[in-house]
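K.L.:
quick one, structure for this:
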Amino acid sequence: MEDNESRNTDVEKEEEEEAEAEAEEVLKKRISNHPLYGLLVDTHLECMKVCSIVDVDQNQEMNLKLPSRKHSPSNFLCQSELDSFMEAYCSALRELKEALEQPQQETIAFINAMQSQLRELTLSDTAAPDHHGPSTSSPVDQVNSSNDLN
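P.N.:
Have a look, this model is predicted:
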């Protein structure tokens, strides 16, 4: 009798696991067929581009590997809960991308400012001779001028 109960429990567990797996697959299909799924993937890829030093060609290659995201009008019939989730997730990814780009933009601005300052220093050094430094006459000129004094 205990053997039958354990079998029933095992069967029930397997049925629950199958039902959960099936529900998960249905949810994945609903998400991937949602009209905002394409925007979600594109926004996610934009975040990845900001974070990575990956070549542009590799990013384009990654875009080509993604499945086509064209949706038929029947796919627009989704629950409002999923709609809200997709919109919120896209918004969060956009905000993340902006937050990731900000330090890079600040760094680029700093580098450009430093480059301008160095360029100004270099141009001002070559344009105006140094009056405070050592004599610019050659050793031969110095010897000739000391001979002239004698």
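K.L.:
longest helix anywhere in this protein?
P.N.:
Counting residues, the longest helix in the chain under DSSP state H turns out to be helix 80-127.
K.L.:
quick check: which ranges of the chain have low pLDDT?
P.N.:
Along the chain, the parts satisfying pLDDT under 70 run over 1-4, 53-79, 127-150.
K.L.:
before we move on, back to that, so what does the longest helix of the chain touch, helix or strand wise?
P.N.:
For helix 80-127, the elements it packs on are helix 2-32, helix 37-51, judged by 3 or more Cβ pairs under 8 Å, 6 or more residues apart in numbering; DSSP states H and E. (Each C-beta comes from the backbone N, C-alpha and C, glycine too.)
K.L.:
same thing but 6 Å
P.N.:
helix 37-51 (3 or more Cβ pairs under 6 Å, 6 or more residues apart in numbering; DSSP states H and E).
K.L.:
buried residues, the helix it packs on. List them.
P.N.:
Tyr37, Leu39, Leu40, Val41, Thr43, Glu46, Cys47, Lys49 (16 or more other Cβ atoms under 10 Å).
K.L.:
and which of those residues is nearest Phe85?
P.N.:
The closest of those to Phe85 turns out to be Leu40 (Cβ to Cβ; 9.9 Å).
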